[in-house]
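A.B. asks: quick one: sequence and predicted model below, then my questions.
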Amino acid sequence: MSVTRRSVLRQLAAASDATRQETTTIEALAAMLDADERAVESHLYGLQACDLARARPDGTARVTITGEELLELDTDKLVIVDAATPNAES
């Protein structure tokens, strides 16, 4: 089954908590979404690049406060979030 980045973020928010720093596993997310673990992991890295999720080397992940706030906007429209980039020195 094809999985979207938005569905991964929604499921991650339902299964974890930013304030309490509760995590879930990539394996559990994939099972909840009936999706391939590699696809879920790929989406998690994309979400992490935008500061919407935190993935750890031990295979756990959690939503960030920013990710929760984005979902609270409750929009069905396309949302573009640019990945964080380090400040370049001029």
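C.D. replies: Received the coordinates, thanks. Numbers count the residues shown, from 1 in each chain.
A.B. asks: all helices for the protein, in order.
C.D. replies: In the chain, the helices defined using DSSP state H lie at 5-15, 26-33, 37-49, 65-72.
A.B. asks: so where's this structure shaky on pLDDT?
C.D. replies: 1, 84-90 (pLDDT under 70).
A.B. asks: sorry, back to before: in a markdown table, list the helices of the chain along with distance to Val79 and mean neighbour count.
C.D. replies: The way it works is simple: take the backbone N, C-alpha and C, and place the C-beta from them, glycine included. As requested, the helices of the chain are arranged in a markdown table below (distance: least, Cβ to Cβ, whole Å; neighbours: other Cβ atoms under 10 Å):
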| stretch | distance to Val79 | mean neighbour count |
| --- | --- | --- |
| helix 5-15 | 8 | 20 |
| helix 26-33 | 19 | 18 |
| helix 37-49 | 12 | 17 |
| helix 65-72 | 7 | 16 |
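A.B. asks: Gly59: which of the ones you listed is closest?
C.D. replies: Across the helices of the chain, Gly59 has its closest neighbour in helix 26-33 (5.3 Å, Cβ to Cβ).
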